[in-house]
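*Asks:* Build me a structure from this.
(chains A and B)
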Amino acid sequence: MKMINNKDITYEDQYISEILERSKTIAMVGLSSSWHRPSYFVAKYLIDRGYKVFPVNPREVGKTILNQKVYSNISEIEESIDIVDIFRKSSEVDLIIDDIIKIKPSTIWLQIGIINLNAEKLAKKNKINIIMNRCPKIEYSRLSGELGWAGINSGLFYNKRKFIRPIY
Amino acid sequence: MSIPENKHKFETRTIHAGSAPDPSTGARNTPIYQTTAFTFDNTDHAASLFNLQNFGFIYGRLGNPTVSVLEERMANLENGRAAVACSTGHAAQLLALHPLMEPGDKVLASRNLYGGSITQFSHAFKKFGWDVDFVDATNTNNIKKILNNKHKCIFIESLSNPSGVILDIEKIALIANNAKIPLIVDNTMASPYLFKPFEWGADIITHSLTKFVGGHGNSMGGIVIESGKFNWFQSDKYPSMTKPTESYHGLIFAETFGDFGYSMKIRADSLRDLGSTLSPTNAFYFINGLETLHLRMERHCKNALKVAKFLDSHEKVSWVSYAGLKKNKYHNLSKKYMNKGVGPVFTFGLKEGHEAGKKIINKVKIFSHVANVGDTRSLILHPASTTHNQLSTDQKIAAGAGPEVVRLSIGIEHHDDLIKDLKYALTNI
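*Replies:* Numbering: from 1, shown residues only, chains lettered A, B, ... in the order given. Okay, here's the model as predicted:
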């Protein structure tokens, strides 16, 4: 596989912002039920911002995470999914990508540190948006101005009022 | 993910970075949110904030919307990932070390530090079980010789106070990097306008905001900034970052918060428990100060060079230690690291020694005799009897604050008036 520098992966803010704006349902593959795990933090945040989250994790089947039923496979979810957010190793994405393509989400989202060029190719071929090496929580909070509340450099500034989506 | 690319020039970012019109009122300037607490929408929202799952404000000790504009702006100007502001530069040094150090650990520090820092490191920190080794870092081999497993970081000043020593930071960063420990640079005296430590491999920056960032001698403050590039997991040296934190039910900061984990750790743990919070009113003064940082630094440097040249040619002056002068031994390094100028703080010695030094301070009429630097006003001081008073004679000499040394912080008045003032004082000593 071709070596890829994380810095080579860039997305226009508008591209990410439109995806976050348009989407309502997010399947989170690899979501943990432990409250201090990073994936749990992301799910909690996205639910608070009004997204409907569908946990997918074969090891957690039979449980609920954040009051949502856990699915063992993405194909079991009855509702249509806008974003599939993946918390798995880059190499493991290959094992699940075909199932994901089949449900035709509008966006496949690979978390920070996860880069899979095969998944990117397949997504593009099927006209599915793909975002790699990013976190939807960080992107949402960066674009909404919340990230700066923790002193984190968003690289953005505004000359107009910015309305932050309320917490539900 | 990494630090966002800067789409705008430094001068634009000193004014705009981190800020936006107030979302509810449209107020264009950053308001002073003079409040101790922030309401929770419901109990779940409160819990998610306390658990750090949502970004938001809880209680003034941990963060404030005025303070956070300053934090983001400073992180942006230093090309860093995130920042935590605090009450003073000294507090920033304590907060910077707190997530790194355990009892029995050591700091390897340059001996050319501000006297107050030397005292803080060698006395106050010892009570935490943190030890320090000071080295003459102008020769980087001295660092290599002494560096061992006990050292959890290297701490230097980018432009030392008071003598203006410039170290070969790129080389020191490489030593720290090879040892898998962070290089902390106190960038107070240069400010991000003159020097950007992260571009040369530093991992953490501290500032006394009290100096050039505020710039008008009106507020105390400090800040810690992280580059977001240090890999905490490459060794087991930093359990506070890489092992579960008990007071957050097992949260691992470097994992959950990734490249801003160190800042989150400082805010949620160190600032919470040590309590050295910056007031929102002071943050407002610093935000205002930053908006003219580039203009002030330019003028400070221009004036300082003129005054340094005048002193250097004066018959009663035995030496001038200013890296802006061609013959200064740090001039070449200054060209490499600080080509816009080397700031306005420098020292000089008088041929007639200690007593003459005291006399000149009493004779000047524009320069103010105060223990501060980085004001719009020009300042004068005798370090050996004031800022560096607590040090031993050897330490004073090592820090460039021997008995005959006079320190100046050149302001942004007209340089002709400053030179006239010094000329008068020198004639009458």
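*Asks:* the helices in the stretch 101-250 of chain B, which residues?
*Replies:* With DSSP state H, counting those that start in this stretch as the criterion, the stretch 101-250 of chain B has helices at B:115-119, B:140-146, B:169-178, B:191-194, B:239-242.
*Asks:* Could you look over those and pick the most buried one?
*Replies:* helix B:191-194 (a mean of 26; mean count of other CB atoms under 10 Å in any protein chain shown). Using the backbone N, CA and C atoms, a C-beta is placed for each residue, glycine as well.
*Asks:* near chain A at all, that helix?
*Replies:* No - on the criterion CB under 8 Å from any CB of the partner chain, helix B:191-194 is out of touch with chain A, staying 12.4 Å away.
*Asks:* could you dump that helix to CSV, C-alpha only?
*Replies:* The C-alpha trace of helix B:191-194 is given here as CSV (Å, rounded to 0.1, in the frame of the first residue of the first chain):
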residue,chain,number,x,y,z
SER,B,191,6.7,37.0,21.8
PRO,B,192,5.3,35.0,18.9
TYR,B,193,5.9,38.0,16.6
LEU,B,194,9.7,37.6,16.8
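*Asks:* Return the distance of that helix from the chain's centre.
*Replies:* 11 Å (CA atoms, centre = their mean, to the nearest Å).
*Asks:* again with stretch A:123-140
*Replies:* So, by CA atoms, centre = their mean, the centroid of stretch A:123-140 is 7 Å from its chain's centroid.
*Asks:* What residues sit buried inside it?
*Replies:* For stretch A:123-140, a neighbour-count test (16 or more other CB atoms under 10 Å in any protein chain shown) marks A:123, A:128-140 as buried.
*Asks:* Which residues does that stretch contact?
*Replies:* Under the criterion CB atoms under 8 Å, 6 or more residues apart in numbering or on different chains, residues A:6, A:9, A:11, A:15-16, A:19-20, A:26, A:41-42, A:45-46, A:49, A:83, A:85, A:101, A:104-116, A:119-120, A:146-147, B:1 lie in contact with stretch A:123-140.
*Asks:* Give me the subset of these that lies in helices.
*Replies:* When the contacts of stretch A:123-140 are checked against helices (DSSP state H), the matches are A:15-16, A:19-20, A:41-42, A:45-46, A:101, A:119-120.
*Asks:* filter those by proximity to chain B?
*Replies:* A:41, A:45.
*Asks:* For the buried ones among the ones in helices among the contacts of stretch A:123-140, write the corresponding ChimeraX selection.
*Replies:* Entered in ChimeraX, the line below selects the buried ones among the ones in helices among the contacts of stretch A:123-140, by 16+ other CB under 10 Å:
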select /A:16,19,20,41,42,45,46,101,119,120
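*Asks:* Quick check: of the ones in helices among the contacts of stretch A:123-140, which lies closest to B:F253?
*Replies:* Checking the ones in helices among the contacts of stretch A:123-140 against B:F253 with CB to CB, the nearest one is A:F41 at 11.8 Å.
*Asks:* Is there a neighbour count for the nearest residue to the closest one once chain neighbours are set aside? I'd like the number.
*Replies:* Sequence neighbours aside, B:Q53 is the residue nearest to A:F41 in space, at 5.0 Å (criterion: CB to CB, 6 or more residues apart in numbering or on different chains). A count of neighbours around B:Q53, defined by other CB atoms under 10 Å in any protein chain shown, yields 21.
*Asks:* same question, A:F54
*Replies:* Neighbour tally, A:F54, other CB under 10 Å: 25.
*Asks:* need the contact list for it.
*Replies:* With CB under 8 Å, 6+ apart, A:F54 has these contacts: A:25-28, A:68-69, A:71, A:77, A:79, A:81.
*Asks:* now the residue most central in space within chain A: how far from A:V61?
*Replies:* Closest to where the C-alpha atoms of chain A average out (CA atoms, centre = their mean) is A:D85, at 3.4 Å. To A:V61, A:D85 is 18 Å away according to CB to CB, to the nearest Å.
*Asks:* that older thread, got TSV for the buried residues of stretch A:123-140, with pLDDT and secondary structure too?
*Replies:* Converted to TSV, the buried residues of stretch A:123-140 look like this (pLDDT from 0 to 100; DSSP: H, G, I helix; E, B strand; the rest coil):
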residue	pLDDT	secondary structure
A:A123	97	helix
A:I128	98	coil
A:N129	97	strand
A:I130	97	strand
A:I131	97	strand
A:M132	97	coil
A:N133	94	coil
A:R134	95	coil
A:C135	95	coil
A:P136	96	helix
A:K137	95	helix
A:I138	95	helix
A:E139	94	helix
A:Y140	94	helix
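*Asks:* Find me the pLDDT at the closest residue to chain A within the stretch 51-200 of chain B, would you?
*Replies:* Going by CB to the nearest CB, chain A is nearest to B:E71 of the stretch 51-200 of chain B, at 3.1 Å. B:E71 is assigned a predicted lDDT (pLDDT) of 98.
*Asks:* before we move on, which element is it in?
*Replies:* helix B:65-77 (DSSP states H and E).
*Asks:* Any part of the helix or strand just after that helix near chain A?
*Replies:* Under the assignment DSSP H and E, the closest C-terminal helix or strand after helix B:65-77 is strand B:82-86. Yes - using CB under 8 Å from any CB, we find that strand B:82-86 touches chain A at B:82-85.
*Asks:* Go ahead and name everything in contact with the following helix or strand past strand B:82-86.
*Replies:* Remark: after strand B:82-86, the chain's next helix or strand is helix B:89-97, criterion DSSP H and E. Outside helix B:89-97, the residues that touch it by CB under 8 Å, 6+ apart are B:84, B:86, B:107, B:116-117, B:120-121, B:125, B:130, B:152-153, B:155, B:184, B:186, B:188, B:204, B:206-211, B:221-224, B:266, B:270-271, B:274, B:276.
*Asks:* again, but for stretch B:361-368
*Replies:* Contacts of stretch B:361-368 (CB under 8 Å, 6+ apart): B:369, B:375, B:377-382, B:406, B:408, B:413, B:417-418, B:421-422, B:424-425, B:428-429.
*Asks:* center of chain B, which residue is that?
*Replies:* Judging by CA atoms, centre = their mean, chain B has its centre closest to B:H207, at 2.2 Å.
*Asks:* Sweet, I'm off.
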